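Visitor: Mind folding the following:
(one chain, ligands or ions: 2)
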Amino acid sequence: MPPTGAEGLGDGFYPFLGNGGYDAIHYEIDLDVDPAANTVSALTSITAQATDDLETFNLDLQGLEVRSVAVDGAGAEFRRSGHELTVRPASPLAAGSQFEVSVSYSGSPETLDDPGVPFSEMGWLHRDGVIYTLGEPSGSMTWFPSNNHPTDKATYEIGITVPEGVTAASNGLLTSETTAGGKTTFEWRMDDPMATYLAAVYIGDFERIDHGPLYDGGPIIRDYVPRGASPDVAQALSVTPDVIAFLEERLGPYPFDAYGTIVMPFPLGLALENQTLSIHGPATIGPGIIAHEAAHQWLGNSVSPDDWTEIWMNEGFATYLHLMFESEHFATDFDATMTQVHAWLSAEGIGPPKGIGIEDLFGPTVYYRGAATLHALRLHTGDETFFEILRTHYDRSAGGTTNTAEFLTLVDEMAGADAVELVEAWLYDEAVPDTL
Ligand code: TRP
Ligand code: ZN
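Guide: Ligands and ions are numbered 1, 2, ... in the order given. Have a look, this model is predicted:
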């Protein structure tokens, strides 16, 4: 058998997302987009390191037409089956060697159905002249080839060329904007490790609002709103500096160079924490949901789940922090809020976050029983130990991934076996524990 990179990483919910045999280090994605026709002409180059000897390896790409593939500048054979793009370099790759694979492709990106996200279309979306992407968990493979799993983070440069007058935004910092021959190219750079699902492209008639650095040496805050949006939108977003300050106090310095929100011009009943530039709808820009997506920048984006079955570590933590922020912002009684959450979980018989099926990936089990798990731990340990656990949890895995087992090890170290037992009951037992 020739050495072959595996076509999946064996994720508990998405066994065929990601690929074996190499580590992606850097993505350079260049998209020339016709927003009216919703077509792209694209080149994605991935710098990667082989972890096995490879005669072939896979990338994840769904839809579009692949024109050619090259490895280290030499034409490579390729084959496609579903979202698996199999590449056979002209000469095999040796374990440990670094290589660059370039994929030239074009067409009209397709959306995809993700069984974990029954409430939304996923991937590259086109609506009312606006293009936006929703990647979590699987959708990014509709617009660039990748190792599509959070265990393989990389840095990114994303260049987007659009007709002059149109705005294009993505992750990180806007490093240049150049216009020639009626087209403008926006170059974006993400210098910190990013999971594929958090990469984003936004194209449309948006206005950028710059707020400058949060403090000397702090992240820059910038938002994008539909041109001509009501002043209420900017007003709603003005809570962001308070949100970031609140989260920095509890988790440590903001993980990236920039943060902000992009608001869509049409109703969008959800929000998504795309790295450094979360997408919201006009009706999802309240303080709670802004705090939720901002909290994900630490917990979810900097510290990512190493398997999609660990999703409570994103959503339970973000929900807990957003409820805390909301309570402070509106001066309500936080313990009373959590008591209500507990009563509701009990009344509904909401099952354990670690016992979900894929269809409940982003359901109340994960969000609210996940948040209540943390509150129960806090009541058990007291505030001081709890916040030390929270901060250390973030700190230990910043820029990488984690899982429940690592969290329980930390709880054991800082709060002992009783605390572990309590957290386990919340995460694994069918019944909602009687008391918080
Ligand atoms: N992570 C999002 C949140 O903060 C929820 C979400 C997951 C989502 N996948 C999505 C939203 C896809 C829109 C599209 O709650
Ligand atoms: Zn969330």
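Visitor: then stretch 386-397 to PDB, C-alphas only?
Guide: Below are the C-alpha coordinates for stretch 386-397, written out as PDB (Å, rounded to 0.1, in the frame of the first residue of the first chain):
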ATOM      1  CA  PHE A 386     -13.700  29.400  40.300                       C
ATOM      2  CA  PHE A 387     -12.200  32.400  38.500                       C
ATOM      3  CA  GLU A 388      -8.700  31.000  39.000                       C
ATOM      4  CA  ILE A 389      -9.900  27.800  37.300                       C
ATOM      5  CA  LEU A 390     -11.600  29.800  34.500                       C
ATOM      6  CA  ARG A 391      -8.500  31.900  33.800                       C
ATOM      7  CA  THR A 392      -6.100  29.000  34.000                       C
ATOM      8  CA  HIS A 393      -8.300  26.900  31.700                       C
ATOM      9  CA  TYR A 394      -8.100  29.700  29.100                       C
ATOM     10  CA  ASP A 395      -4.400  30.300  29.700                       C
ATOM     11  CA  ARG A 396      -3.200  26.700  29.400                       C
ATOM     12  CA  SER A 397      -4.800  26.200  26.000                       C
END
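Visitor: Could you give me the buried positions within it?
Guide: Residues 386, 389-390, 393-394, 397 are the ones in stretch 386-397 that count as buried (16 or more other Cβ atoms under 10 Å). Quick note: C-beta positions are derived from backbone N, CA and C, even for glycine.
Visitor: Make a markdown table out of these and add pLDDT, distance to ligand 2 and secondary structure.
Guide: Converted to a markdown table, those look like this (pLDDT from 0 to 100; distance: Cβ to the ion, whole Å; DSSP: H, G, I helix; E, B strand; the rest coil):
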| residue | pLDDT | distance to ligand 2 | secondary structure |
| --- | --- | --- | --- |
| 386 | 98 | 21 | helix |
| 389 | 98 | 20 | helix |
| 390 | 98 | 16 | helix |
| 393 | 98 | 17 | helix |
| 394 | 98 | 16 | helix |
| 397 | 98 | 18 | helix |
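Visitor: interface residues of the stretch 101-250 of the chain facing ligand 1?
Guide: 117, 120, 134, 136 (Cβ under 6 Å from any ligand atom).
Visitor: So which of those are in strands?
Guide: residue 134 (DSSP state E).
Visitor: coming back round to it: of the buried residues of stretch 386-397, which is the nearest to residue 150?
Guide: residue 397 (11.6 Å; Cβ to Cβ).
Visitor: Run a quick check on that closest one versus residue 406, I expect a contact.
Guide: Yes: using Cβ atoms under 8 Å, residue 397 is in contact with residue 406, at 7.1 Å.
Visitor: And for residue 408, the neighbour number?
Guide: Per other Cβ atoms under 10 Å, the neighbour tally for residue 408 reads 16.
Visitor: Report whether it is found in a strand, as I expect.
Guide: No: using DSSP: H, G, I helix; E, B strand; the rest coil, the assignment for residue 408 is helix, not a strand.
Visitor: My read is that it contacts residue 423, right?
Guide: Yes: using Cβ under 8 Å as the test, residue 408 is close enough to residue 423 to be in contact (6.4 Å).
Visitor: which neighbours do these two share?
Guide: Listed contacts common to residue 408 and residue 423 are nil; contacts here mean Cβ atoms under 8 Å, 6 or more residues apart in numbering.
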